[in-house]
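1. Coordinates for the following, if possible.
(2 chains)
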Amino acid sequence: MHFHFHDPYQPLDSPVHRLDPRVKLALALGFILTATLLPAGAWLSYALLGAAAWVGAHLSGLGIRTVLRRSMLALPFVLAAFPVVFTAPGPSWLTFPLGPWQVSVRAEGVIRLLSVLLKSWLSLQIAVILVGTTAFPELLVAMRAMGVPRFLVMTFGLMWRYLFLLVDEAIRMLRAREARSVAPEVPDRRVGGTLVWRAQVTGRMVGTLFLRTLERGERIYMAMVARGYDGEARMLSMPSLSQRDLVLLTGGLLFLMGSLLLGWLF
Amino acid sequence: MHIPDGFLSPSVVLPLWGVSAGISGYALRRVSRELTERETPVIGVVAAGIFAAQMLNFPIAGGTSGHLMGAALATLLFGPWVAILIMTCVLTIQALVFQDGGLIALGANIFNMGIVGALVAYAVDQTLWGVFGDRRWMRPVAAFLAGWTAVVMGALATGLELALSGLVPADVVLPAMGGIHALIGVVEGLITMSAVAFLSAVRRELMIERPVAGRIPLWTAGLALILILTLLAPLASADPDGLERVAEDLGFIQAARPSAFSLLPDYTIPGLPNESLATILAGILGALMVFGLVVILWLGQRSRRGERASNSKT
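-> Prediction:
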């Protein structure tokens, strides 16, 4: 696991930042749903969605390059889809010997692999833009407005508040262990102890972290009670959507539906 | 194991969204009924703790390292419903903020790593406790097996979803996912085992009470899940489906057009031919026999314990 834990939100001032979080969340989910529903090989629709994502990236002030760099994250998963190139039905495109076997690359398989790649990449770009332009508390409000249960939203909020603290704690524990014994980051160095022993050390670290977390949670609860917490999570209600937001929401959804129709018809 | 968006077909991912939302919603209702007002804020902090604990890794060999996923540990500490809720929170934040797994694929990810993980870990733990009772070696063994099974079953569920989406044939992805995660599961099992051992040595009151009877429906459901997934795994054959074969032979396969939203994409379940129906039945039969044996053993153990208890009274 990489230590890429920092808040991805970038406090800039842009048209996308100023957009109502509810509209942004709805459009992002709609975008990803559209990408999921599109059939394989609907290149025109992919291009439309891609253009929309890049316009969004540009308008948001994050920059297309940042968005592209961050959206490379899921690419390793493509390995899981790679066999489709050889196993898809249909006529073979290119056959070559591989040891004792004849392997044939199938046109249908290549189309499917490329489609999955593009769909997943488009979805990631939109997700990156969403969290880059929306602060987490705004996301919480948007989730509440979309009908996510109050308790869950409250739990997300608490989680977010203590996440970075606890991740720091975990990183400190890792550093302490590394200073004392094994060095996991150096590939060729001989590591100490048996596998079971190393796992045991890690298990105790997990246990320790867990105990500290639990005790912290109890202290937090006490602090909340002292400040008047009564088991009810209260949130500020959002103002109703402005006319501009409504127009953007409708326009965006129409665009997505249009791309979807286009993908299925042609 | 976090599936990104775009990989699963809509006919797989949308129903799974419904299933996960339903089960998490049920867990939410159970938890908010059973927990006191005091414990609810603690859940959020513990979820953040599981998130952080996933960063604690240890070197295996040659520069690779393993880390915890946590569904089994959460289940052993808080029971399956709280664990499902915690995993739902962890996976949602990972998908929403850190793009670890997709947003539409979130339903599938919650299903694989949260729901399957928690129920399977619970089933393994309860079954072992039911059969063998409280022995000294019991707790570590149950913790190890719960962790291992949760990871392997989650991986098989992931593989099955990829196969159902028509991406990879079942006979390629299931052995591959199962094989790799049988090894990764050992890491999960070892960490879970020593974390549980540590916690029960330091704060014994944290470990949940284990009722031997009375929760049968849930752990049988988990056991059924294990059975289904293991049974689907060996069904490996790349023969084309019967109708498709006929269609190919008679040359009308081109006439078939994909309907807009078919229940299963293309060719039924890729990699699952009809001939293997016999294999499924044989597998179910065998599994039921093993299960029956376990139940008989358990009942025998219970009646013996009952006798001992009544003897000591007199």
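2. When you work out contacts or count neighbours from here on, use the C-alpha atoms and nothing else.
-> Noted.
3. Strands of chain A, start to end?
-> A:92-98, A:101-106 (DSSP state E).
4. Could you report the separation of the residue nearest in space to the middle of chain A from A:Met143?
-> The residue lying closest to the centre of chain A (C-alpha atoms, centre = their mean) is A:Ala127, at 6.0 Å. Going from A:Ala127 to A:Met143 by C-alpha to C-alpha, to the nearest Å gives 15 Å.
5. A:Leu195 too?
-> A:Leu195 is 43 Å from A:Met143, by C-alpha to C-alpha.
6. next one: B:Ser194
-> 38 Å.
7. So between these two, which is more surrounded?
-> B:Ser194 (25 against 19; other C-alpha atoms under 10 Å in any protein chain shown).
8. Next, the contact list for the more buried one, please.
-> Under the criterion of C-alpha atoms under 8 Å, 6 or more residues apart in numbering or on different chains, the neighbours of B:Ser194 are A:Ala199, A:Gln200, A:Val201, A:Gly203, A:Arg204, B:Pro140.
9. Tabulate these in CSV, adding columns for neighbour count.
-> Output for the contacts of B:Ser194, formatted as CSV (neighbours: other C-alpha atoms under 10 Å in any protein chain shown):
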residue, neighbour count
A:Ala199, 28
A:Gln200, 22
A:Val201, 17
A:Gly203, 31
A:Arg204, 20
B:Pro140, 18
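10. Which ones among these map onto helices?
-> Within the contacts of B:Ser194, residues falling in helices by DSSP state H are A:Ala199, A:Gln200, A:Val201, A:Gly203, A:Arg204, B:Pro140.
11. Grab the nearest non-local neighbour of the last one.
-> Excluding its sequence neighbours, the residue lying closest to B:Pro140 (C-alpha to C-alpha, 6 or more residues apart in numbering or on different chains) is B:Met193, at 5.2 Å.
12. can you map out the helices along the stretch 51-200 of chain B?
-> B:71-78, B:80-98, B:106-109, B:117-132, B:138-164, B:170-202 (DSSP state H, counting those that start in this stretch).
13. need those in TSV with mean pLDDT and distance to A:Glu215, can you?
-> Below are the helices of the stretch 51-200 of chain B laid out as TSV (pLDDT from 0 to 100; distance: least, C-alpha to C-alpha, whole Å):
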stretch	mean pLDDT	distance to A:Glu215
helix B:71-78	90	15
helix B:80-98	91	17
helix B:106-109	94	29
helix B:117-132	84	24
helix B:138-164	88	23
helix B:170-202	85	13
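14. okay, those helices in TSV with distance to B:Gly49 next?
-> Putting the helices of the stretch 51-200 of chain B into TSV (distance: least, C-alpha to C-alpha, whole Å) gives the following:
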stretch	distance to B:Gly49
helix B:71-78	11
helix B:80-98	9
helix B:106-109	19
helix B:117-132	17
helix B:138-164	18
helix B:170-202	14
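15. name the helices or strands packed onto the worst-scoring helix or strand of chain A on mean pLDDT?
-> Lowest by mean pLDDT, DSSP states H and E among the helices and strands of chain A is strand A:92-98, with a mean of 70. In terms of contacts (3 or more C-alpha pairs under 8 Å, 6 or more residues apart in numbering or on different chains; DSSP states H and E), strand A:92-98 is packed against strand A:101-106.
16. shaky segments in the stretch 101-250 of chain A?
-> For the stretch 101-250 of chain A, applying pLDDT under 70 flags the ranges A:101-102, A:182-192, A:233.
17. one more time with 80, if that's ok
-> A:101-105, A:178, A:180-195, A:230-239 (pLDDT under 80).
18. Okay, helices next: where are they in it?
-> A:107-133, A:136-145, A:150-180, A:195-226, A:243-265.
19. and the ones you listed, which is most packed in?
-> helix A:107-133 (a mean of 24; mean count of other C-alpha atoms under 10 Å in any protein chain shown).
20. What is the distance between it and the centre of its chain?
-> 12 Å (C-alpha atoms, centre = their mean, to the nearest Å).
21. Let me know the angle separating it from helix B:80-98.
-> Counting by axes from the mean of the first three to the mean of the last three C-alpha atoms, to 10 degrees, helix A:107-133 points 90 degrees away from the direction of helix B:80-98.
22. who does helix A:107-133 touch, helix- and strand-wise?
-> Using 3+ C-alpha pairs under 8 Å, 6+ apart: helix A:107-133 touches helix A:21-37, helix A:43-59, helix A:64-70, helix A:84-87, helix B:80-98.
23. tell me, which of the ones you listed is the model least confident about?
-> Lowest mean pLDDT within the helices and strands packed on helix A:107-133: helix A:84-87, at a mean of 76.
24. From the contact counts, what lies against that helix?
-> Using 3+ C-alpha pairs under 8 Å, 6+ apart, helix A:84-87 sits against strand A:101-106, helix A:107-133.
25. still on that earlier bit, can I get the helices of the stretch 101-250 of chain A in a markdown table including distance to A:Arg70?
-> What follows is the helices of the stretch 101-250 of chain A, written out as a markdown table (distance: least, C-alpha to C-alpha, whole Å):
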| stretch | distance to A:Arg70 |
| --- | --- |
| helix A:107-133 | 7 |
| helix A:136-145 | 18 |
| helix A:150-180 | 20 |
| helix A:195-226 | 29 |
| helix A:243-265 | 23 |
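26. mind checking which of the ones you listed is nearest B:Gln99?
-> helix A:107-133 (7.0 Å; C-alpha to C-alpha).
27. re the thing from before, partners of the least confident helix or strand of chain A in the sheet?
-> Strand A:92-98 has its sheet partners listed here by DSSP bridges as strand A:101-106 (antiparallel).
28. That's all I had, so thanks and see you.
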